[in-house]
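Undergrad: take a look and give me a structure for this.
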Amino acid sequence: MASSESLETNNNLITIMPAIVTDKILKYLPFTIAAKTSILSRTWRHIWLSCPYLTFDETFWTGFRKADSTTDWQKESRIISNILLHHNGRIQSFYLVLKPGNADLQVDKNASLSPWLSLLSRTYTKKIALDNWARKWSDLVILPSYIFHCTDLMKLKLQCFVLITPPFDFKGFPHLKRLELLCLKFNNDIDMLWSIIAKCPCLVFLRLEDCLGMDILDVDGHDLKS
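TA: Numbering: from 1, shown residues only. Reported below is the predicted structural model:
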């Protein structure tokens, strides 16, 4: 068995870790495991709530399945809302997987996304990835306009959403370098996508896949490489 002296030394090492080290540790841990670091010491009790990398993916939701293997969206949305409400500091990246559901659930997802994106727009978030697992086009979720307020973004990935027209005061994503749009519906407004791309002066990577409402696209990005 380890001596009491060595246990005390190990505990001190955990307690005095600089923030840059704890951030790196939490970045590579599944979020459910990161939350469990709160038992390491008093210092670590709330550190996981300062983790700048929030990932709500399939791994995160494994423990929240109902008996029929579907997801309890009401419970999931409350968990995410509570984490965001109590989060301390900046959120550098936010990755969210939305599981498929009925039409009423699509409306619920839109209602939940609005305050979350509003908060992210105020925390200087650099990377957002929203992955809506849709079985058909009717499962697409209307993406709230708050996404256009996240002007500090450097990477943005959207999958299976309906993209609405940006607000009139939208000036673009001045720092965006990577844009991935998969299975998006543009409601036949091709000029909307062109205007968004035109307002991303730093864009170097653009990926468009299986998007609905666009037959011809003339891309004008002077720094675009891929």
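Undergrad: so what pairs up with residue 179 in the strands?
TA: When bridges are assigned using DSSP bridges, the partners listed for residue 179 are residue 156, residue 206.
Undergrad: surely it meets residue 202?
TA: No. Applying CB atoms under 8 Å as the test, residue 179 and residue 202 come out as separate, 10.5 Å apart. Quick note: C-beta positions are derived from backbone N, CA and C, even for glycine.
Undergrad: for these two, indicate the residue with more neighbours.
TA: In this view residue 179 and residue 202 are compared by other CB atoms under 10 Å, and residue 179 has more residues nearby, 23 against 14.
Undergrad: how much space between the more buried one and residue 55?
TA: If you measure residue 179 against residue 55 using CB to CB, to the nearest Å, the figure is 20 Å.
Undergrad: before we move on, what about residue 81?
TA: As defined by CB to CB, residue 81 lies at a distance of 16 Å from residue 55.
Undergrad: so in the chain, which helix runs the longest?
TA: helix 103-120 (DSSP state H).
Undergrad: now do that one, average pLDDT.
TA: The average of the pLDDT scores along helix 103-120 is 82.
Undergrad: residue ranges in the protein under the pLDDT threshold?
TA: 1-48, 63-71, 100-107, 187-190, 214-222 (pLDDT under 70).
Undergrad: please enumerate the strands of it.
TA: Residue ranges of the strands in the chain, as given by DSSP state E, are 53-56, 93-98, 127-132, 141-143, 155-159, 161-163, 178-182, 205-209.
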